[in-house]
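K.L.:
Show me how the following folds:
(2 chains)
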There are 2 protein chains.
Amino acid sequence: MRLNMERTRIKRMLSSGEPGVRFRAAGWVRTRRDSKGGFSFIELNDGSCLANLQIIADWKTSGFPEMMGKIHTGCSMVAEGVLEASPGKGQRVELHADVLEIVGQADPAEYPLQKKRHSLEFLRTIAHLRPRTNTFGAVARVRNAMSFAIHEFFKQRGFILLHSPIISGSDCEGAGEMFRVTTLDLENPPLKDGRVDFEKDFFETPANLTVSGQLEAEIYALALGDVYTFGPTFRAENSNTSRHLAEFWMVEPEMAFCDLSGNMEVAESFLKYIFTYVLENCEEDMMFFKRFVDATVIDMLARLVKQNFEPLTYTKAVSILAEANESFEFPVSWGVDLQSEHERYLCEKVFDCPVILYDYPKDIKAFYMKVNEDRKTVRAMDVLVPRIGEIIGGSQREDDYDTLYQRMIEMDLNPDDYWWYLELRKFGSVPHSGFGLGFERLVQFVTGLSNIRDVIPFPRTPGNVAF
Amino acid sequence: MRLNMERTRIKRMLSSGEPGVRFRAAGWVRTRRDSKGGFSFIELNDGSCLANLQIIADWKTSGFPEMMGKIHTGCSMVAEGVLEASPGKGQRVELHADVLEIVGQADPAEYPLQKKRHSLEFLRTIAHLRPRTNTFGAVARVRNAMSFAIHEFFKQRGFILLHSPIISGSDCEGAGEMFRVTTLDLENPPLKDGRVDFEKDFFETPANLTVSGQLEAEIYALALGDVYTFGPTFRAENSNTSRHLAEFWMVEPEMAFCDLSGNMEVAESFLKYIFTYVLENCEEDMMFFKRFVDATVIDMLARLVKQNFEPLTYTKAVSILAEANESFEFPVSWGVDLQSEHERYLCEKVFDCPVILYDYPKDIKAFYMKVNEDRKTVRAMDVLVPRIGEIIGGSQREDDYDTLYQRMIEMDLNPDDYWWYLELRKFGSVPHSGFGLGFERLVQFVTGLSNIRDVIPFPRTPGNVAF
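P.N.:
Numbering: from 1, shown residues only, chains lettered A, B, ... in the order given. The predicted structure follows:
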């Protein structure tokens, strides 16, 4: 078999392949249909796009007579021939193969991905094969496009990508339960005074998987101005829901000389940039999600990119919710954290657009958020979108050394653990702001898929670390 | 203080700011020099580029008289005024400030980054401040440019980015020592029959940090064609050298319908693309590395992008080395792994260009590499470059089920642990290839920095997980 660059990707053939020109395609058979006239229609997919290339083979096709009855769903093939205008509907061109070769078989008695539709639950058990389905191929391509759009957005604005550390020495970032990272022999750990002796561990101190790159991003923002992270983060929470992963990717921009309103501007522009990018670059895959997953996804994105996001203080939101003629599961009063039902009500029923809630009560927010002059609220913001609720959480950071120190004491944190974080407020401190966005939640929002396990290639959840 | 989008980044002012136009700059003071005439020159840096903006302030500048004697290295400032052509050498324009404001102080008695040069060793102990130095600012910008170039290269070729998992259930990827990830209480782990009961752990089985995304990338390549990973990987090896990190970023492309020669083509094009991108987009920072770190870096990259990489079998390389009139520390004979000294000799002395060594003895390579017809060698390749030696390692993968199964048995691996990896060879198997590149090694090569701890923001090494 001749390999390498000699194949043409199906995406290119279907979009711009000239009829009459010879091509070589390589991919995996989705279906085969035999006609009475002695020829076969083979639908070949190579992952470059959702659509298959229709291949026509008959008794004149070299190799074809011998392989009759051996071409099954899932087997890999190479096909060579001339592209012709297709008389059938649904495709512009088709390949009339004069050479056909089966590269790898897929025994129909064993191959689990037969023509019928499979449940998403079943497909999770074969995560090594599910990217060969329409749904997971489309998710992979859209996810890829969104990743690129993120880098492109920040590049255009002069942000620097920061690879923040994954293994963290602090176990007090305050964002949730952490995984321990160790090389100690768990069966027989070294002891000192009857306790595990972490001085013998790899890092000579306890170490964990990071829950956020924010604190490190602040370091770089206070040197380079505008930075962002895009990396994996972790939560060791026993949350077996359709919205939680133990390992997920997070985007965290951090901007120097930027207050909360600047933060809101970046967050809104950021979301619109990604949505626009997806609408412009992933039309075929988005049409698939619209047809088979959620009929509203395209319209929703198209509307969002044209709307102005509505800024709204927490205090005002609470009074709107308290007066609402709606029975919420969780009652609302000033000082409580809002639930998804409240967030969605504000976006979907009250404003009919994304809402940026800000100035939250300080007691329900993290220690690093800048305290407002009222001493009761902090410059936090959450961006809420329809169907999901919160999709971005951010804040202006406390940039005053003494105030930050006091907040740590109030919240029972040990300032010594944050010596370097405090020092950022001692040497050339500046107002700065940033936010975090859970990438998988955004992919869920864009694709309409309801379970977060279906928008990451290999989900990690309680009891599940397969593949 | 007015904030947000009103500042102009210094990079833009210096490159295209029109004299006579008002601007607002915000950044950190690098130095201040007072003239006898009653005015001061302030060098302001905002991280957008290496160069500082020269700011001229005098008694007419609002705020200036009060802050005389308070403007120190490291303090943050906002300056507003008219840009003027600079009579001094070294800069095209300078800012004549009519408003000046100190945003955050930096007490010279405490701030560790004073005007003098600091050793890289010392700067590692203040990783929260080192990005404010020329060297680490330049590293961050070049690293950022290289990251973007990687995504752009693969995008242009139709590759899909795969976020391969960080937490891995397999402890047998065969690439090195692994970190354990756990939520068990190490002081008091649950026991079963006297052994630690991992069924009570978060994932209900032992879990580790990944050493490579390759096996998962193969899954996606055999569905989508061409894919790549770019994510953190981990080695729990007690290697305290200038070339090893416990946590580092790796790029791993994987291509379906691609043999070893296709793999070589991608690897060579990939390196050239990144080097070209850096030469075209990071001129100022590269000039800095050339001047202060390694005088050869720019010439080296400029030469490499024009050279054809030399393919050379391992067998031929060994005979060249055996006949070389050179005393190597490690003797060479067929079957031994080559050392850095041998790799560098081939590149620097024999061919004077990058060399792609291939067809290595199977006994020194991993189980998944495709066995050649001689049954003695495998389709492995290493790309060697001057000064560093191996920078890329890759192979064509074994795509035959039975051969792969036998290799696992030979190498004492349990095929049950690789059931899904084996199934890729059962259902629609295709020839496929890929390689891995340690991103930090590449940043070292490009910048000339000799210690890998200086090219990643927060290095993790034995005994060090600070920041």
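
K.L.:
So is stretch A:11-24 next to chain B?
P.N.:
Yes. Stretch A:11-24 lies within reach of chain B by CB under 8 Å from any CB of the partner chain, at A:K11. Yep, even glycine has a C-beta here, placed from its N, CA and C like the rest.

K.L.:
So which residues make contact with that stretch?
P.N.:
Applying CB atoms under 8 Å, 6 or more residues apart in numbering or on different chains, the contact partners of stretch A:11-24 are A:2, A:6-8, A:25, A:48-49, A:51, A:53, A:78-85, A:91-93, A:95, B:158.

K.L.:
List buried residues within those.
P.N.:
A:7-8, A:25, A:48-49, A:51, A:53, A:78-81, A:83, A:93, A:95, B:158 (16 or more other CB atoms under 10 Å in any protein chain shown).

K.L.:
Pull out the buried residues from the helix or strand hosting A:G27.
P.N.:
Taking DSSP states H and E as the definition, A:G27 sits inside strand A:22-34. Using 16+ other CB under 10 Å as the test for burial, strand A:22-34 gives A:23-30, A:32.

K.L.:
Let me know the closest of those residues to A:I42.
P.N.:
If you rank these by distance to A:I42 using CB to CB, A:R32 comes first, at 5.1 Å.

K.L.:
Now the closest residue to A:M381 other than its chain neighbours: which helix or strand?
P.N.:
Leaving aside its chain neighbours, A:M381 sits nearest to A:Y358 (4.2 Å; criterion: CB to CB, 6 or more residues apart in numbering or on different chains). Element membership for A:Y358 (DSSP H and E) is strand A:355-361.

K.L.:
Name the residues of the stretch 251-400 of chain A found near chain B, please.
P.N.:
So the stretch 251-400 of chain A meets chain B at A:256-259, A:261-262, A:265, A:399 (CB under 8 Å from any CB).

K.L.:
list the contacts for the closest residue to A:W28 other than its chain neighbours?
P.N.:
Leaving aside its sequence neighbours, A:W28 sits nearest to B:G428 (CB to CB, 6+ apart; 4.9 Å). Going by CB under 8 Å, 6+ apart, B:G428 touches A:28-29, A:74-76, A:103-106, A:132, B:222.

K.L.:
Let's see that with 6 Å instead.
P.N.:
A:28, A:74-76, A:104, A:106 (CB atoms under 6 Å, 6 or more residues apart in numbering or on different chains).

K.L.:
quick one: which of these is most hemmed in?
P.N.:
Highest neighbour count within these, by other CB atoms under 10 Å in any protein chain shown: A:W28, with 27 neighbours.

K.L.:
Can you give me the distance of that one to B:L424?
P.N.:
Distance, A:W28 to B:L424, using CB to CB, to the nearest Å: 12 Å.

K.L.:
Tell me, please, the helix or strand in chain A that averages the lowest pLDDT.
P.N.:
helix A:64-67 (a mean of 84; mean pLDDT, DSSP states H and E).

K.L.:
What is the strand holding A:Y358 packed up against?
P.N.:
Under the contact criterion of 3 or more CB pairs under 6 Å, 6 or more residues apart in numbering or on different chains; DSSP states H and E, strand A:355-361 touches strand A:310-313, helix A:314-323, strand A:377-385.

K.L.:
if you set the cut-off to 10 Å instead, what comes out?
P.N.:
Judged by 3 or more CB pairs under 10 Å, 6 or more residues apart in numbering or on different chains; DSSP states H and E, strand A:355-361 is in contact with helix A:260-281, strand A:310-313, helix A:314-323, helix A:340-344, strand A:377-385, strand A:389-396.

K.L.:
quick one: that strand to helix A:260-281, angle?
P.N.:
150 degrees (axes from the mean of the first three to the mean of the last three CA atoms, to 10 degrees).
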